[in-house]
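Q: predicted model follows, preceded by the sequence.
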Amino acid sequence: MTRAAVIAGVGGHVPPRIVTNDDLARHLDTSDQWIRTRTGIATRHVVDPGTSTGDLAVEAGRRALENAGADGADLVIVATTTPDRPCPATAPAVADRLGLTGVPAFDVAAVCSGFLYALQAGAAAVTAGFAGRVLVIGAESFSTILDPEDRTTSVIFGDGAGAVLLRAGTREEPGAVLDVDLGSDGSLADLITVRGGGAEERSRGGTPRPEDRYFRMDGKSVFFAAVRRMAQSSRTVLERTGWQVEQVDRLVAHQANTRIIHAVAEQLGLPPERAVTNIEHVGNTSAASVPLALADGLADGTLRAGHRVLLTAFGGGATWGSATLTWPDLPAG
Ligand code: COA
């Protein structure tokens, strides 16, 4: 028996306010038809004033603990691009609000790959014997960094959070995180960026430009890089695990764009119906995207005990990551 991190519980949460494509088309030069056909998105959830990333993370984390029937965790990791403040990290406050004051807690910043990076950090902490139970959360209030005038980003992103609780177990058990592949290419940093608000801007001096507060993306270049890197990384992790691609029951890819997900499936040679998708209802929720898809897949029965699951994501940095796991037997409610 080999020690491994095992998924003990999963939880997801989206803020109640729904924004439809028609809502966006009222103030942007876009249409329901364009957004649906180019991205696969019909609606997204958006935080109301006063709600932020930490609030969403706490709720998803609470649900994951509840789903696992667990009374706590001894490490909390929050993956986010939209921390509540530049300093300190969001995770300690989330841990405190979950009644876990005192445990180590830190943030991971890898944009849309954030959850895969956090999952690896959590799983490694378990296998190294550093932690027995790790709460890994992906949470975003992405709407807070979008330029409301920019139709190329405003239509894509949404807010939400997803979480998994990892516990110590064995590689042979259902729910085991088997292998993870991670990578980055910093030469692509400008493809996905918020220019302002950091040390670079402050050390330059002068008056910060208001437009630099917003998220910017070169959508077309990101599209191609995302497909290429997710497919490559998926192949790497499948080989490490010793799975043939046809043995994969479910592909949970970062919910960036339905066309991206289908292109990744096609490059891998997987039937598109094996892809778990919730993008139509939640849009791209960045670091929350993969765990939120896991929570929704558990809730609607798309993910079932014993399934061989492949996770993959691509995000700003550029960063990417993939993981193999078997799906645990968890209550769906
Ligand atoms: N509504 C209507 N038209 C729009 C639009 C919108 N919301 N956004 C862009 N367009 C227009 C463009 O201006 C362009 O017009 P032109 O041909 O007159 O120049 C046309 O639609 C096609 O734009 P293009 O950028 O080529 O579209 P695309 O098919 O590449 O789709 C994205 C754009 C952003 C949806 C797509 O590139 C994408 O999903 N990229 C990855 C995004 C992502 O998820 N990133 C997160 C991290 S992985």
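A: Good, I have the coordinates.
Q: all contacts plus neighbour counts: C-alpha atoms, from now on.
A: Noted.
Q: I'd like the next helix or strand past the helix or strand where I260 lies.
A: Element membership for I260 (DSSP states H and E) is helix 258-268. Note on helix 258-268: by DSSP H and E, the next helix or strand toward the C-terminus is helix 279-282.
Q: next secondary structure after that next one?
A: Following helix 279-282 toward the C-terminus (DSSP H and E): helix 289-299.
Q: tell me the helix or strand right after that next one.
A: strand 308-315.
Q: any idea how far the helix or strand following that next one is from the chain center?
A: Going down the chain from strand 308-315, the next helix or strand is strand 319-326, by DSSP H and E. Centre-to-centre, strand 319-326 and its host chain are 11 Å apart (C-alpha atoms, centre = their mean, to the nearest Å).
Q: quick check: M217 touching L188?
A: No - taking contacts as C-alpha atoms under 8 Å, M217 lies outside contact range of L188: 11.1 Å.
Q: ok, the closest residue in space to P291 that isn't next to it in sequence to W320 distance?
A: Counting by C-alpha to C-alpha, 6 or more residues apart in numbering, P291 lies nearest to G162, which is 4.5 Å off, once chain neighbours are set aside. Using C-alpha to C-alpha, to the nearest Å, G162 is found at 18 Å from W320.
Q: what's the pLDDT at the nearest residue to T319 once chain neighbours are set aside?
A: Using C-alpha to C-alpha, 6+ apart and skipping residues adjacent in sequence, the residue nearest T319 is S184, 4.2 Å away. pLDDT, S184: 98.
Q: contact partners for S184?
A: Contact analysis of S184 by C-alpha atoms under 8 Å, 6 or more residues apart in numbering lists G317, A318, T319, W320.
Q: most neighbours of all these, which one?
A: W320 (30 neighbours; other C-alpha atoms under 10 Å).
Q: hmm, that one is touching R229, no?
A: Yes - when contacts are counted by C-alpha under 8 Å, W320 is listed as touching R229 (6.7 Å).
Q: how about the residues of this protein by the ligand?
A: 30-31, 34, 38-39, 112, 151-152, 155, 219-220, 222-223, 226, 256-257, 314-315 (C-alpha under 6 Å from any ligand atom).
Q: inside strands: which ones of those?
A: F314, G315 (DSSP state E).
Q: tell me who's in contact with A189.
A: So A189 contacts G316, G317, A318 (C-alpha under 8 Å, 6+ apart).
Q: these two touch, right, the last one and L188?
A: Yes - using C-alpha under 8 Å, A318 and L188 qualify as a contacting pair, with a distance of 5.5 Å.
Q: give the residues shared as contacts by the two.
A: By C-alpha under 8 Å, 6+ apart, no residue touches both A318 and L188.
Q: got the domain boundaries for the chain?
A: Per automatic domain parsing, the structural domains of the chain span 3-170, 177-326.
Q: give me whichever of the ones you listed is most buried.
A: Neighbour counts (mean count of other C-alpha atoms under 10 Å) averaged over each of the domains of the chain peak at domain 3-170, with a mean of 22.
Q: centre of the chain to that one, how far?
A: Mean-position distance between domain 3-170 and its chain equals 6 Å (C-alpha atoms, centre = their mean).
Q: just the strands in the stretch 51-200 of the chain please.
A: 75-79, 105-108, 133-140, 160-170, 177-184, 192-194 (DSSP state E, counting those that start in this stretch).
Q: ok, of the contacts of A189, which one's closest to the ligand?
A: Among the contacts of A189, G316 lies closest to the ligand (C-alpha to the nearest ligand atom), at 6.3 Å.
Q: my guess is N21 contacts T37. True?
A: No - using C-alpha under 8 Å, N21 makes no contact with T37, being 11.6 Å away.
Q: which residues touch A295?
A: Contacts of A295 (C-alpha under 8 Å, 6+ apart): V10, G11, G12, G162, A163.
Q: with P328 instead?
A: So P328 contacts I7, A8, P174, G175, A176, R304, A305, G306 (C-alpha under 8 Å, 6+ apart).
Q: can you check P272 too?
A: Counting by C-alpha under 8 Å, 6+ apart, P272 has contacts H262, A265, E266.
Q: for the first one, which non-adjacent residue is closest in space?
A: The reference is to H262. P272 (5.8 Å).
Q: how about the second one?
A: Using C-alpha to C-alpha, 6+ apart and skipping the chain neighbours, the partner closest in space to A265 is P272 (5.9 Å).
Q: do you know the pLDDT at the residue lying closest to G297 once chain neighbours are set aside?
A: By the measure of C-alpha to C-alpha, 6+ apart, the closest residue to G297 outside its immediate chain neighbours is L303, 5.1 Å from it. For L303, the model assigns a pLDDT of 97.
Q: tell me if I'm right that L303 and R250 touch.
A: Yes - at 7.3 Å, L303 and R250 qualify as touching, with contact defined as C-alpha under 8 Å.
Q: residues contacting R229?
A: Here R229 is in contact with F314, W320 (C-alpha under 8 Å, 6+ apart).
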